[in-house]
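Student: can't give you the sequence, but here's the structure:
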């Protein structure tokens, strides 16, 4: 189900958007902040960080202009930050002093590329998630059966998690990407369920300090697989945006999300494209909002323009190669 292309600005309530950051991912944090500002977001943007925050972020901490508030939130955990998402959202919600109606998490390597009013309307309808790059996962798929067996065994040991019967809702045929979730305040119990599931599967993936499981098993990435288990278990309404939303398939892209370790701020584009590497739309979206292209981050506009030109040429080369191969 796609988001509506037009939506009136939300007139009620307040939204918190949160992300987690460390290391060179601050390059992504500044682009995400710039994209939120460009989208018309008016709410609180909280960056949970580990390590040292750059000077631009320290200077922006506590700043509120035109209804956009920016703040830092230091976290102390030995988890890989991707597994800390539900606990972090619960902490942000629990320590928020002002009333709020919605809370959303956006991965630091993703951006907003649609009017924020559409996101508020989406979150008001249901728990908002996006279909993953390989997002088709039928209710009776072996992967889901593995999850069921794992938690059925846990239930026998007294964990208390119960699964649906042999048939399930249509939404259970989709697998969500862990890079975005939005929900209303009255649905925060979903985050508690997600957190508890992350912790329950931790031993099966070799602990939460690593990004993914060390050995083959029913779970690969604790945060994302457990999110999808929670979506199977919850009685709350859930609304998926299609895979195109994150740039994983043709169609309207509203949350460009770059996958893998080669993030846009780490790589050139023209030369790799000559060698056959695909150049995606999400990378182009990043450089349009990169440091130097908005109010957040420290960057030289000329450098961002140069990188954007490099990326555009890379995309032209990729397109010409595809046409050549298609003959």
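Tutor: Perfect, thanks for sending it. Small disclaimer: the values here were computed from a predicted structure and weren't measured.

Student: For residue 29, which non-adjacent residue is closest in space?
Tutor: Of all residues not flanking residue 29 in the chain, residue 21 sits nearest, at 4.7 Å (Cβ to Cβ, 6 or more residues apart in numbering). In this view, the C-beta of every residue, glycine as well, is placed from N, C-alpha and C.

Student: and the one you found, backbone torsions?
Tutor: Phi and psi for residue 21, reported as degrees, to the nearest 10, are phi -150, psi 150.

Student: let's have the chain start at 320 instead
Tutor: Yep, numbering from 320; the last one is residue 340 now.

Student: how deep is it tucked in, by neighbour count?
Tutor: Number of residues near residue 340 (other Cβ atoms under 10 Å) recorded here: 27.

Student: That one contacts residue 349, doesn't it?
Tutor: No: counting by Cβ atoms under 8 Å, residue 340 does not reach residue 349; the two are 9.8 Å apart.

Student: Poorly predicted segments of the chain, please.
Tutor: Low-confidence segments of the chain, defined by pLDDT under 70: 320-331, 477-491, 528, 530, 532-534, 585-598, 618-627, 629-646.

Student: Show me where it has its helices.
Tutor: Residue ranges of the helices in the chain, as given by DSSP state H, are 345-358, 374-379, 404-414, 435-444, 461-475, 508-520, 541-552, 589-593, 600-607, 620-644.

Student: gap between the closest residue to residue 373 other than its chain neighbours and residue 468?
Tutor: Leaving aside its chain neighbours, residue 373 sits nearest to residue 345 (5.2 Å; criterion: Cβ to Cβ, 6+ apart). Using Cβ to Cβ, to the nearest Å, residue 345 is found at 41 Å from residue 468.

Student: Same question for residue 340.
Tutor: As for residue 340, its distance to residue 468 is 36 Å (criterion: Cβ to Cβ).

Student: now residue 516
Tutor: Distance check for residue 516 against residue 468: by Cβ to Cβ, it reads 15 Å.

Student: Give me the more crowded residue out of those two.
Tutor: Neighbour totals were compared for residue 516 and residue 468, and residue 516 leads with 26 against 12 (other Cβ under 10 Å).

Student: Check whether that one really touches residue 548, as I assumed.
Tutor: Yes: counting by Cβ under 8 Å, residue 548 is a contact partner of residue 516 at 5.3 Å.

Student: show me what contacts the residue lying closest to residue 337 once chain neighbours are set aside?
Tutor: Nearest non-adjacent residue to residue 337, counting by Cβ to Cβ, 6+ apart: residue 365, 4.6 Å away. Neighbour list for residue 365: 335, 336, 337, 338, 390, 391, 392, 411 [criterion: Cβ atoms under 8 Å, 6 or more residues apart in numbering].

Student: Please repeat the previous calculation with a cut-off of 7 Å.
Tutor: Going by Cβ atoms under 7 Å, 6 or more residues apart in numbering, residue 365 touches 335, 337, 390, 392, 411.

Student: Can you flag the buried ones in these?
Tutor: The neighbour-count criterion (16 or more other Cβ atoms under 10 Å) marks 335, 337, 390, 392, 411 among the contacts of residue 365 as buried.

Student: Go through those residues and say which is closest to residue 568.
Tutor: Closest approach between the buried ones among the contacts of residue 365 and residue 568, by Cβ to Cβ: residue 337, at 26.5 Å.
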